[in-house]
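> Make a model of this:
(3 chains)
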Amino acid sequence: MPAKTRTVSDLAAHVGGRVAGDGSVVIVRVGSLDAAGDGDISYVEDAKFFDAARHSGASCFIVPDGSGLEFPCQIAVKNPKLAFALIAEILHPPKQRALEIHSSAVIANDAKIGENVSIGAFVCVGEGSIIGDHTQIRAGAKIGDNVTVGTDCIIYPNVFIEDGMTIGDRVILHAGVVIGADGFGYVRGDMGYHKFPQIGTVLIEDDVELGANTTVDRGALGRTRIGKGTKLDNMVHVGHNCDIGERVVIAAQTGISGSVTIEDDCVIGGQVGFGDHILVQRGAVIGSKAGVLPGKIVRPGVWWGIPIQPLDEYKKLNAHIGSLPRVREQIKELSERIRILERYLPKSDE
Amino acid sequence: MPAKTRTVSDLAAHVGGRVAGDGSVVIVRVGSLDAAGDGDISYVEDAKFFDAARHSGASCFIVPDGSGLEFPCQIAVKNPKLAFALIAEILHPPKQRALEIHSSAVIANDAKIGENVSIGAFVCVGEGSIIGDHTQIRAGAKIGDNVTVGTDCIIYPNVFIEDGMTIGDRVILHAGVVIGADGFGYVRGDMGYHKFPQIGTVLIEDDVELGANTTVDRGALGRTRIGKGTKLDNMVHVGHNCDIGERVVIAAQTGISGSVTIEDDCVIGGQVGFGDHILVQRGAVIGSKAGVLPGKIVRPGVWWGIPIQPLDEYKKLNAHIGSLPRVREQIKELSERIRILERYLPKSDE
Amino acid sequence: MPAKTRTVSDLAAHVGGRVAGDGSVVIVRVGSLDAAGDGDISYVEDAKFFDAARHSGASCFIVPDGSGLEFPCQIAVKNPKLAFALIAEILHPPKQRALEIHSSAVIANDAKIGENVSIGAFVCVGEGSIIGDHTQIRAGAKIGDNVTVGTDCIIYPNVFIEDGMTIGDRVILHAGVVIGADGFGYVRGDMGYHKFPQIGTVLIEDDVELGANTTVDRGALGRTRIGKGTKLDNMVHVGHNCDIGERVVIAAQTGISGSVTIEDDCVIGGQVGFGDHILVQRGAVIGSKAGVLPGKIVRPGVWWGIPIQPLDEYKKLNAHIGSLPRVREQIKELSERIRILERYLPKSDE
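Below is the predicted model of the structure:
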């Protein structure tokens, strides 16, 4: 991946950091402490990494304010990991693909393609669709009719976006993502299942990133929404009519049934399962592999288990379960002590 | 999504309902009670929704027989939700794509393409394959050699169907579905794993719908089957040689190991895991996130847990687990009562 | 699937087996005992299958050494199932696709394509990429820039391999596999999440097979590796910077968070979840649906549960849980016995 070089002073200015040592050192790329070498910038998150940093070959270190570290070239900031991420955005921007519409792409006559757009081979863009400026659509992605894709998006290979869906700005859809497949809703009749209408839409707001092979189903009658700044890992399933708020993080393989609301700033682990019509309130945290029953209201706090409980209670209950062998021994001991006492009961009693 | 307009009388006739009020009202689309407006038909499932219905702007309501509801325009039926689904099928048929083979598609010379077929851009249809009448194959789908696809199917973008597989009539395969990948079978030798032959087939029967990114592996030596009218949600994994019956419903992210039989009319939740060689008997219901051990026979009834138990027993056991803190207190109390009793034991005893 | 015919003697020589009966019998294909007929070879794993074998119509049987079985035509070997797999490799080699680059494929001018390579329709191979001899790249697969794919690989339709990734020899990537999507790493700032750099690589070593729709994320800064001879089932998620050893087997829908190491020869069930920074030591076995907490070291042995425990302990604890109803009865009984004893306490006491 090609990188853009910068001086340490430039990078420090970008993240509001304080340079110590030679600010004219040229930085080529970011690197981890153990692998970094000449031209690399690395970061020292906290005291746990001081020793690794002292053995690192990085040309510059991002260190925490007031750490007492004194490398020949360093940038001190409040949050080194965040500064490292921001610097990486500069040094390693997404690869710029050719600013062209590949000759093999099939673009509807009335599609509106913005400026500086890159459209790869075997891409389709359907009738009435709009592709925003600076957006990259990579090989084999399929965009239906009347789709809106914002500016500065990256749509990876083999993504499919169904007719009528809306994608905001700076959205990243990794390979194999499917936006707007029919939700899973049927009505049982005498002869089997009839499809409940799945004719709604999907809104993916700005700054969302969806991992590879993740699917977001269209609303049945209404809309499925993924809020601004929300990040989903690979193979997450979002059912019809879900409303996922802003800045929500959901790890891989979590499945969300229909009509679930997850409010802003929630954090959801991997392989979590949600029944339908759940409300997860703002800022709640749900641990990996948890299961949430249909209709549940999940209040703020940290939750785990199947079905979910507050993490503290879950841990206590697990400790109680772990004590079961001891419980059964105790019962035996009590029984024996009672047996001895019973010897002293009058013989005739009962 | 374009809709076909109908009068209320027409729609009532289609679902065998009884019109009250003005049957000449023209209906354009279906809608939910809260969002419906002029030209919309909505439905009132039961008394819980009477109040929402009274505040709804729908032009016509489908109501339960004998509900006592008296809207200016309504259709009374036994099952309003089913009638609503049937009416939606009429008002919102799947979008009709251009009845053509796109010029970019690669169709083998000896493939047999039916009448009124729509084949999108970048589609492949291999040698000896047969595509039934009125079937839509959307952009980027890949159909191998000697595949049979029935009539009135919708094959969404980026679906892959391996050589020799068979797809029935009115089948819907959502984007990213893979039919006929090799099953997961190996034999360990001295140097590592050798592939057990994965040379069998897949049969997808009529009226099956498979959700986005779902995979159905080919049989090892025999056949994997999905029975008529069965519906699978997104990201369901069906292993080699499974036999899934008719009218089975399986929610998202459930995984089914090899050689599992699920008989007709079963209902399986999401994220369920099946070991191999399981038999799920007709009509059994298995709750989400359950785990079924290899070789298990699951009798009719409702099951939950890892490993699965009858739901009632599972709930009882969960209640017992919840009582563990009280159990440990009780043991302490008993011990204290015994200690008091023991004071009265003769000093010399034992 | 076309098969290559061989005589029983030829096949026996290939697997080092001993022929009894007529070695000149011509074998066309492999088959299961119940379905095999004229021209088929089948195998008898152990005594459980003797009876099925006696009723089978196979032309030749692979039997265990010293079994006492005396079919008119048989091959005796130490491991019949392994011999069957090896014979199937000969009789049923992967279908040979046309040795050509399809005219629709988009191959960069400086890509190096080996000899006897088959490249299907709508395939992309990017700048600087190398495709080894005898490799098949099927329709719609997308290979980025500077990718190396070894010899004798099969890349199925709609696979995506990101720029800069490395694939060994004899690797099989099933349809929908995504190699090198960004890992899931963010740093929270005041305004939301910033992407932690995801600029590393993926190395897929020789003889690896990845199931349909499986995803292997690129390293954040370093590398994600899948070791030689390792086999992953469908929809497995491998996070950034994981290091999966050699001859590891992982069943469907298992999810592995970032920076997990799984050493050689481990066996992992389906739907298992791994937190980050776990070390699974050589040869460990983890049962399906298990959950492993972040940072855990999993020693050799067999493990199950959420969180994982040694299988024996897990089973014991489950038995204890099953005994809970009895425990609560016992406590009632003890309480009653104490109550009787307490009648004999002096009235004034306490």
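
> how about the residue of the stretch 51-200 of chain A found nearest chain C, what does it touch?
Closest to chain C within the stretch 51-200 of chain A is A:Ala88: 3.6 Å, counting by CB to the nearest CB. No exception for glycine: its C-beta is placed from N, CA and C like everyone else's. Contacts of A:Ala88 were listed using CB atoms under 8 Å, 6 or more residues apart in numbering or on different chains, and they are A:Val30, C:Lys195, C:Phe196, C:Pro197, C:Ile199.

> what subset of the residues you listed is also close to chain B?
Counting by CB under 8 Å from any CB of the partner chain, nothing from these sits close to chain B.

> out of those, who's nearest chain B?
Closest to chain B out of the contacts of A:Ala88 is C:Lys195 (23.9 Å), distances taken as CB to the nearest CB.

> Now do the contacts for that closest one.
Neighbouring residues of C:Lys195 by CB under 8 Å, 6+ apart: A:Ala85, A:Ala88, A:Glu89, A:Glu209, C:Asp182, C:Gly185, C:Tyr186.

> For beta bridges, what are the partners of the fourth one?
Beta bridges link A:Glu209 to A:Ile172, A:Lys231 when assigned by DSSP bridges.

> Please look at it and A:Gly168 and confirm they touch.
No: the pair A:Glu209 / A:Gly168 is not scored as a contact, 11.4 Å apart, by CB atoms under 8 Å.

> Now A:Val260: phi and psi?
phi -90, psi 140 (degrees, to the nearest 10).

> residues near it, how many?
24 (other CB atoms under 10 Å in any protein chain shown).

> That one contacts A:Asp276, correct?
Yes: shown here, A:Val260 and A:Asp276 form a contact pair, counting by CB under 8 Å, at 6.6 Å.

> Mutual contacts of these two, please.
A:Gly239.

> Once you drop chain neighbours, what's closest to the closest residue to chain C within the stretch 251-350 of chain A?
Nearest to chain C in the stretch 251-350 of chain A, going by CB to the nearest CB, is A:Leu324, at a distance of 3.9 Å. Spatially, and ignoring its direct neighbours in sequence, A:Leu324 is nearest to C:His320 (3.9 Å; CB to CB, 6 or more residues apart in numbering or on different chains).

> Show me what the helix ranked longest in chain A is packed up against.
Selection of the longest helix in chain A by residue count, based on DSSP state H, yields helix A:324-342. Using 3 or more CB pairs under 8 Å, 6 or more residues apart in numbering or on different chains; DSSP states H and E, the elements in contact with helix A:324-342 are helix B:324-342, helix C:311-322, helix C:324-342.

> can you redo those helices as JSON lines with mean pLDDT and mean neighbour count?
Putting the helices and strands packed on helix A:324-342 into JSON lines (pLDDT from 0 to 100; neighbours: other CB atoms under 10 Å in any protein chain shown) gives the following:
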{"stretch": "helix B:324-342", "mean pLDDT": "89", "mean neighbour count": "16"}
{"stretch": "helix C:311-322", "mean pLDDT": "90", "mean neighbour count": "15"}
{"stretch": "helix C:324-342", "mean pLDDT": "89", "mean neighbour count": "16"}
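
> need the ones you listed in TSV with distance to A:Gly245, can you?
TSV is the format used below for these (distance: least, CB to CB, whole Å):
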stretch	distance to A:Gly245
helix B:324-342	35
helix C:311-322	37
helix C:324-342	40
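
> For A:Leu11, find the nearest of those helices.
helix C:311-322 (50.9 Å; CB to CB).

> helices or strands next to the closest one in the packing?
With contacts taken as 3+ CB pairs under 8 Å, 6+ apart, helix C:311-322 sits against helix A:311-322, helix A:324-342, helix B:311-322, strand C:302-304.

> Go again with 10 Å.
For helix C:311-322, the helices and strands in contact under the criterion 3 or more CB pairs under 10 Å, 6 or more residues apart in numbering or on different chains; DSSP states H and E are helix A:311-322, helix A:324-342, helix B:311-322, strand C:302-304, strand C:309-310.
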